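J.: Predicted model, plus sequence, below.
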Amino acid sequence: ILNVEQSPQSLHVQEGDSTNFTCSFPSSNFYALHWYRWETAKSPEALFVMTLNGDEKKKGQISATLNTKEGYSYLYIKGSQPEDSATYLCAYHHPNNQGGKLIFGQGTELSVKP
Amino acid sequence: DTAVSQTPKYLVTQMGNDKSIKCEQNLGHDTMYWYKQDSKKFLKIMFSYNNKELIINETVPNRFSPKSPDKAHLNLHINSLELGDSAVYFCASSQSGNGYTFGSGTRLTVV
């Protein structure tokens, strides 16, 4: 059974705080790790697709790192804003089959208070 | 233009009915998927089609049947709906598994 776990499950911060979440995934036979941002009543929106050990990606104030050997990825948000409030999902890209499949974690729900 | 569009957005139906959810993508992607958001809010894959060919068929009751008339469409037909089928169903597409684009979801309620 392939497990993808995210922590914490929820996080409440003040505007301006920096925060980070963790995603743990199987380290053997790694292919790719995806991060998504999911606002309530909308569809998940792709943030990053990470493939190489040591990868670091950045989009605005959001960045992510990847450690495939130990099976974890961190997502960082610098100076959180209320509009960053959303559920952040990571997904392990299972390499079998054309197109593969994503195995999602349960998400970290971030709430940023003004 | 919506990249991945699903219809309907909401569907309320009685047990035992047959219903379909439609999905269309205009991104030129070669792979389309159906995911189900379960009661714990996990997104779990149901089916995947690559160039109209069924690639992934997870352990899903055979009352669920996907149909892909062409690369841009992947519809989900559900027979004999049960209460436990109530969930939000998401369609998605990707180009060979790189960076999925999701539809806005269809909330199915079986009463």
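T.: Now that the structure is in, tell me what you want to look at.

J.: all strands of chain B, in order?
T.: With DSSP state E as the criterion, chain B has strands at B:4-7, B:10-13, B:19-25, B:31-37, B:43-50, B:53-57, B:64-70, B:73-78, B:87-95, B:98-102, B:106-110.

J.: lowest confidence element among the helices and strands of chain A?
T.: One helix or strand of chain A scores below all others by mean pLDDT, DSSP states H and E: strand A:101-104, with a mean of 87.

J.: Output that one as CSV, nothing but the C-alphas.
T.: Coordinates of each C-alpha in strand A:101-104 appear next as CSV, following Å, rounded to 0.1, in the frame of the first residue of the first chain:
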residue,chain,number,x,y,z
LYS,A,101,-1.7,8.1,-11.3
LEU,A,102,-1.4,10.5,-8.4
ILE,A,103,-1.8,9.2,-4.9
PHE,A,104,-2.8,12.2,-2.8
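
J.: Give the rounded mean pLDDT of whatever helix or strand comes next after it.
T.: Sequence order places strand A:108-113 as the next helix or strand after strand A:101-104, per DSSP states H and E. Strand A:108-113 carries an average pLDDT of 96.

J.: Report the beta-bridge partners for residue 77.
T.: Just so you know, I chose chain A. Beta-bridge partners recorded for A:Ile77 (DSSP bridges): A:Thr19, A:Ile62.

J.: my bad, the chain I had in mind was chain B
T.: Bridge pairing for B:His77 (DSSP bridges) gives the partners B:Ser20, B:Ser65.

J.: Now for it, how many residues are close by?
T.: 14 (other C-beta atoms under 10 Å in any protein chain shown). For every residue, glycine as well, the C-beta is placed using N, CA and C.

J.: Then A:Ala41?
T.: Number of residues near A:Ala41 (other C-beta under 10 Å) recorded here: 7.

J.: For it, what is the enclosing helix or strand?
T.: Assessed by DSSP H and E, A:Ala41 sits outside every helix and strand.

J.: Phi first, then psi, for it.
T.: Phi and psi for A:Ala41, reported as degrees, to the nearest 10, are phi 70, psi 10.

J.: tell me which helix or strand of chain B sits lowest on mean pLDDT?
T.: Taking mean pLDDT, DSSP H and E as the measure, strand B:53-57 is the helix or strand of chain B with the lowest mean score, a mean of 79.

J.: Is chain B within reach of the least confident helix or strand of chain A?
T.: Yes: using C-beta under 8 Å from any C-beta of the partner chain, strand A:101-104 comes into contact with chain B via A:101-104.
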